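Q: what follows is a protein structure lacking sequence information:
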DNA sequence: GCTAGTAGTAACTATCTCGTAACTATCGGG
DNA sequence: CCCGATAGTTACGAGATAGTTACTACTAGC
């Protein structure tokens, strides 16, 4: 696979790649809005149903990247909390700003009609 | 598949979804930088190799959405050109601005290290 | 007639991704 | 002792996605 993303001037590519896998943006978003959530809270806070399998994978990935912090408090009633690190917060701010941009720019009505995707 | 994207305050979701399929952002980017390109030029201008099959599908999809225009000039030597419509240009501008944002925001070094993705 | 270039399309295949279901482990309650 | 909640992990399988190859159709050039 060509990891030669874009010759130059397009660091944006890695951001898009990062957000491409389903749920990724939502997790950043929800954590950004709520601060700190436990696994099950996160799961319930997601729009639609995310499977534990995927939520777990995403969180671990982001943890590896240093984007979220994981705090395992004691053992009695299992209690693990996730929150955005400073770098994660930066990503969240980026999402907020893209959101603003999308509002300001007279964004394609075309995209507004996007319900189903990529009819191949 | 829950198309219940995000409850509210997140039109950003459809943008991310639009750009999620591989090559999509690149096509907008390349067309935005070059103005108008023929099928084969577009193909060669892409970083890495895109298959004709996928390039064709993406272009058709964007054409359906009114984001790119297709001009089939005569028949002699087959010659078809693609270019961004006004709405497509808006998308390209959005990409440019996200790019800027990504530069301004002290964006996660984490993402800089993103070569491989989502180790599930 | 054969080959090359342009613009695709169609069929087949490989891979990736995600959801479902089952299972682990620990604690508290009935 | 069994059940439920929390926080996962693992195995399996269906569906989406993208690449490869072959094919069409037209013209120009050798």
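A: Yes, it's here. Bear in mind the structure is a predicted one, so any value in this text is a computation, not a measurement.

Q: which residue lies nearest the spatial centre of chain A?
A: With distances taken as C-alpha atoms, centre = their mean, residue A:25 lies nearest the centre of chain A, 2.6 Å away.

Q: gap between the spatially closest residue to that residue that is not a sequence neighbour and residue A:76?
A: Nearest residue to residue A:25 in three dimensions, chain neighbours excluded: residue A:19, at 4.8 Å (C-beta to C-beta, 6 or more residues apart in numbering or on different chains). Yep, even glycine has a C-beta here, placed from its N, CA and C like the rest. Residue A:19 sits 37 Å away from residue A:76, going by C-beta to C-beta, to the nearest Å.

Q: higher neighbour count, the two?
A: residue A:19 (24 against 6; other C-beta atoms under 10 Å in any protein chain shown).

Q: test my guess that the more buried one contacts residue B:18.
A: No - Residue A:19 is not in contact with residue B:18 according to C-beta atoms under 8 Å; the separation is 11.5 Å.

Q: quick one on the thing from earlier: element containing the residue nearest to the centre of chain A, please.
A: For residue A:25, the host element (DSSP states H and E) is helix A:24-34.

Q: how about that helix, which residues are buried there?
A: A:24-32 (16 or more other C-beta atoms under 10 Å in any protein chain shown).

Q: helices and strands around that helix, which ones?
A: Counting contacts by 3 or more C-beta pairs under 8 Å, 6 or more residues apart in numbering or on different chains; DSSP states H and E, helix A:24-34 packs against helix A:39-45, helix A:52-64, strand A:80-84, helix A:86-104, helix B:12-19.
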